[in-house]
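1. Predicted model follows, preceded by the sequence.
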Amino acid sequence: MARALVNIPPKAKRGAVIEIKTLISHPMETGYRHDETGRAYPRDIINRFVCTYNGVEVFRADLFPAIAANPFISFFTVATESGAIALSWTGDDGQTQTETANITVE
Amino acid sequence: MDDSATAKTSTRRQFLVAAGGLVAGSAMAPLLVVRPAAATPPSMAAAIREVIGEANVREGKVKVDLPPIVENGNTVSLTVSVDSPMTESDHVKGIYIFNEKNPQPNIANFHLGPRAGKASIATRIRLADSQQVVAIAQLSDGSFWSGSVEVIVTIAACVETL
């Protein structure tokens, strides 16, 4: 779907609070803009973002057209165990893109 | 605040004038259910009710970070943090963000839990006009807290054509 940037520390101490920063390229077309002939550009946004940590959902966001193009989302989670952190974005067209990063917890 | 109280003792004409002012959506919000901001426009109030139901919202605990003057409303950095220990028994369940003057009052809803460790989120938003941005946090004990900030926007989002 699009290019995504994900920033997750590869290593963390057990119980540490880590910051996860994400950016995905997407126009986030609001549906409120018109071209010269007055035709509205159809809405096309990412409306859902989910982060799972070894399969358990730890963070979820419902997005609306007020989120800027190329949505940036940053949040925190506790490094509980080594494993995979998966981030997925779902668009209005129903397509989902998932990025996975591995984290080692000591 | 005491408008309705005085209206009871005043004449019918005075009462009707006062009631008309309320219907016109003036700043006299106390008869509406929403508590956090007196000047909340009705659409934002309705959107807030849709998300959080009839719960009572108290001011405090929520800090909204936005630049006070925004040059370009198309990308505005927003940080919302909530004062919470984020333990199993006392944590933030949701952070809901609203605005007054964009075409849609909702900006985003974030759902978190004790595993977040820290109740803070950051994103970038669009702002169509100078307005108030409100964040409401839902805590695990069922209470709702709000924080808000006023921003001045010089170049608005969602107006340009391609």
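-> Happy to help now that I have it.
2. From the geometric centre of chain A, which residue sits farthest away?
-> Here chain A reaches farthest from its C-alpha mean at A:T37, the gap being 34.1 Å by Cα atoms, centre = their mean.
3. quick one: that residue is in a strand?
-> No - with DSSP: H, G, I helix; E, B strand; the rest coil as the criterion, A:T37 is coil rather than part of a strand.
4. Roughly how far does it sit from A:R43?
-> Relative to A:R43, A:T37 is positioned 18 Å away (Cβ to Cβ, to the nearest Å). Bear in mind the C-beta positions are built from the backbone N, C-alpha and C, glycine included.
5. Repeat that for B:L66.
-> To A:R43, B:L66 is 25 Å away according to Cβ to Cβ.
6. of those two, who's got more company?
-> Using other Cβ atoms under 10 Å in any protein chain shown as the criterion, B:L66 and A:R43 rank with B:L66 on top: 19 against 14.
7. Need phi/psi at the more buried one.
-> Backbone torsions for B:L66, taken as degrees, to the nearest 10, come to phi -140, psi 150.
8. Might you report the residue contacts of residue 75?
-> This is for chain A. With contact set as Cβ atoms under 8 Å, 6 or more residues apart in numbering or on different chains, A:F75 has these partners: A:19-20, A:51, A:59, B:110, B:112, B:116, B:120-122.
9. switch to chain B, that's the one I care about
-> B:T75 touches A:68-69, B:124-126, counting by Cβ under 8 Å, 6+ apart.
10. ok, now how distant is it from B:V153?
-> Applying Cβ to Cβ, the value for B:T75 to B:V153 is 12 Å.
11. again, but for A:Q95
-> To B:V153, A:Q95 is 32 Å away according to Cβ to Cβ.
12. Mind checking which of the contacts of A:F75 are buried?
-> When the contacts of A:F75 are checked for burial by 16 or more other Cβ atoms under 10 Å in any protein chain shown, the buried set is A:20, A:51, A:59, B:110, B:112, B:116, B:120-122.
13. Now, those that are in strands?
-> Members of the buried ones among the contacts of A:F75 lying in strands (criterion: DSSP state E): A:20, A:51, A:59, B:110, B:120-122.
14. How about B:I48, nearest residue that isn't a chain neighbour?
-> In space, and not counting its chain neighbours, B:I48 is closest to B:F98: 5.8 Å by Cβ to Cβ, 6 or more residues apart in numbering or on different chains.
15. what's the burial count for that neighbour?
-> For B:F98, the neighbour count with other Cβ under 10 Å is 28.
16. which residues touch it?
-> So B:F98 contacts B:44, B:47-48, B:105-107, B:133-136 (Cβ under 8 Å, 6+ apart).
17. OK, contacts around B:N99?
-> Neighbouring residues of B:N99 by Cβ under 8 Å, 6+ apart: A:66, B:44, B:105, B:107, B:125, B:127, B:131-134.
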